[in-house]
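Visitor: Here is my input, please return the structure:
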Amino acid sequence: MKASKLTARGLAYVVRAVGRKIAKAHRAKQTPHGKQTVKKLMAHGTSTSSLELSGDTKLFDRVARKWNVDYAFYQTEPGKYLLFFKSGQADAMTACFSEYSRKVLDKAKSRQPTIPEQMKQAEQQLAKEKPPKEHIKEVSHDR
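Guide: Okay, the predicted model is just below:
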């Protein structure tokens with residue numbers, strides 16, 4: 001900074017600029033945690049492992065945040081993913097995955113059929129029980 005007079009405002013400006021530069025350098029050095037891209041996960045410099053995952057990725061995100069694991073999804077097919085994670089976090093990932101699978105199973109057990117599904121099931125059941133009756137109505141025209 002070049003100034004003929006050093007004022008408090010000028011000094012504050014310089015201190016803020018230096019603080020921003022230090023914070024930017026600090027953020028650049030930190031490795032990302034949690035959900036990230038496969039490229040960023042591989043750039044950590046540690047070995048990775050993968051698992052196949054089919055289902056709700058949002059539910060897995062919630063559980064993984066709780067366990068503080070670093071992971072990345074790679075979509076192979078619609079609804080099917082490869083889940084990459086650090087090999088050093090295998091114990092945490094095992095616990096995380098067991099909690100995730102328990103939640104998925106609980107969700108599947110407690111799933112109630114929707115009202116339209118219940119109506120279709122009732123229709124099918126009634127159709128099996130009773131054959132439809134034919135109503136014959138004779139019309140007579142007497143004059």
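Visitor: So which residues of the chain form strands?
Guide: Using DSSP state E, the strands found in the chain span residues 48-54, 71-77, 80-86.
Visitor: Return the member of the ones you listed having the minimum mean pLDDT.
Guide: Among the strands of the chain, strand 48-54 carries the lowest mean pLDDT, at a mean of 84.
Visitor: give me every residue that touches residue 70.
Guide: Residue 70 makes contact with 32-34, 36, 41, 44, 85-86, 89, according to C-beta atoms under 8 Å, 6 or more residues apart in numbering. Just so you know, the C-beta spots here come from the backbone N, C-alpha and C atoms, and that holds for glycine as well.
Visitor: Mind doing that once more with 7 Å?
Guide: Counting by C-beta atoms under 7 Å, 6 or more residues apart in numbering, residue 70 makes contact with 33-34, 36, 41, 85-86, 89.
Visitor: And the helices in the chain?
Guide: All helices of the chain, identified by DSSP state H, fall at 8-29, 38-42, 57-67, 90-110, 115-129.
Visitor: could these be laid out in TSV, adding mean neighbour count, distance to residue 51 and mean pLDDT?
Guide: Converted to TSV, the helices of the chain look like this (neighbours: other C-beta atoms under 10 Å; distance: least, C-beta to C-beta, whole Å; pLDDT from 0 to 100):
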stretch	mean neighbour count	distance to residue 51	mean pLDDT
helix 8-29	10	30	88
helix 38-42	14	14	83
helix 57-67	15	10	88
helix 90-110	13	7	86
helix 115-129	10	32	86
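Visitor: Nearest to the spatial middle of the protein, which residue is it?
Guide: In the chain, the residue lying closest to the centroid (C-alpha atoms, centre = their mean) is residue 58, at 1.9 Å.
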